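*Asks:* My questions are about this predicted structure, shown below with the sequence.
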Amino acid sequence: MITGTGLSFSYTDHRVLKNINFKAEKGEFISILGANGSGKTTFFRCMQGLLVPDAGKILLDGENIKKMSKKEIAQKIAVVPQESQNVFDYQVLDIILMGSNPWLSFAESPGAIELQEAEAIMAELEILDLKNKSFNKISGGERQLVLIARALMQKSSYLFLDEPNSHLDFKNTHLSLKIMRDLTAKGKTLITALHDPNLAYQYSDRVIILKAGKIIASGQVEEVMTAQNLSRAYEIEIVRENSGFLLAFQQDRLFKQKA
Ligand SMILES: Nc1ncnc2c1ncn2[C@@H]1O[C@H](COP(=O)(O)OP(=O)(O)OP(=O)(O)O)[C@@H](O)[C@H]1O
């Protein structure tokens, strides 16, 4: 279990997270929703031990994250960041193999077993053809799939994915979220920031809605994902149709087209 209790965080004088309480149990799929700038990435960085909150405590499997080494954290938490460009021109395969680093001793390199695992993950994500390409010379969506592959390679119990589908097409969005969903059945805990409420609705067990650094709703998908909560979070009228959530003006347009 990973918990954050009473978390607050400020960038200099800008208070971004305000008294956040969070808990994720083994095998849960939790989505964090919120408007741009509401604090999702900052919250993720705190939970991964990359930013130190001004107040509050984070426990990772009962241990205070502040007292854990980077390697210990990386054995438990894998991250798919929002954006990634590498200064060095690594091959895709090398990037994916980096996921095994937390499990290797100093100066040890990934071997045949890791190579086999990396290839199996690439096959599952249908990116085997990218294996020998330069990470900096593939598309944004392909890069995102490679980072998902690296996170899977890390074999951690917790996966934090910050808008993992922001560059992905329709098929790859669902392919990767289905793989994530299947991982929860194997006991992994998934925490994603998503911009599409309909994806959160479809794939998550629980949803947390952030607004200006505060949790305004948290709980099971059905109870939290209401048109009212989403309208409040995004400050625009959202309606629920049979097919999912829509902006109210979209509903007008669809209606006119049908008439
Ligand atoms: N390094 C930084 N220094 C100062 N302020 C920052 C920094 N990073 C983010 N912020 C500010 O903190 C607030 C929260 O940003 P954050 O990236 O956590 O939001 P978010 O919900 O992930 O947004 P988005 O959906 O646009 O990715 C924003 O007002 C942002 O401008």
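*Replies:* Good, I have the coordinates.

*Asks:* now the closest residue to residue 128 other than its chain neighbours: how far from residue 25?
*Replies:* Distance criterion C-beta to C-beta, 6 or more residues apart in numbering; nearest residue to residue 128, sequence neighbours excluded, is residue 122 at 4.6 Å. (Glycine included, C-beta is placed from N, CA and C.) Per C-beta to C-beta, to the nearest Å, residue 122 is found 30 Å from residue 25.

*Asks:* between these two, which one's more packed in?
*Replies:* For residue 122 and residue 25, the more surrounded residue by other C-beta atoms under 10 Å is residue 122, and the numbers stand at 22 against 12.

*Asks:* Quickly find the element holding the more buried one.
*Replies:* If you go by DSSP states H and E, residue 122 is part of helix 112-124.

*Asks:* tell me which residues in that helix are buried?
*Replies:* 114, 117-118, 121-122, 124 (16 or more other C-beta atoms under 10 Å).

*Asks:* which one of those is nearest the ligand?
*Replies:* residue 121 (26.2 Å; C-beta to the nearest ligand atom).

*Asks:* In this structure the closest one contacts residue 151, no?
*Replies:* No - applying C-beta atoms under 8 Å as the test, residue 121 and residue 151 come out as separate, 9.5 Å apart.

*Asks:* Mind putting the buried residues of helix 112-124 into JSON lines with pLDDT and distance to the ligand?
*Replies:* What follows is the buried residues of helix 112-124, written out as JSON lines (pLDDT from 0 to 100; distance: C-beta to the nearest ligand atom, whole Å):
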{"residue": "114", "pLDDT": "94", "distance to the ligand": "32"}
{"residue": "117", "pLDDT": "96", "distance to the ligand": "31"}
{"residue": "118", "pLDDT": "97", "distance to the ligand": "29"}
{"residue": "121", "pLDDT": "95", "distance to the ligand": "26"}
{"residue": "122", "pLDDT": "95", "distance to the ligand": "27"}
{"residue": "124", "pLDDT": "91", "distance to the ligand": "27"}
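
*Asks:* show me what contacts residue 48?
*Replies:* 73, 77, 79, 160 (C-beta atoms under 8 Å, 6 or more residues apart in numbering).

*Asks:* Just the ones in strands from the residues you listed, please.
*Replies:* Using DSSP state E, 77, 79, 160 are the members of the contacts of residue 48 that sit in strands.

*Asks:* No more questions from me, cheers.
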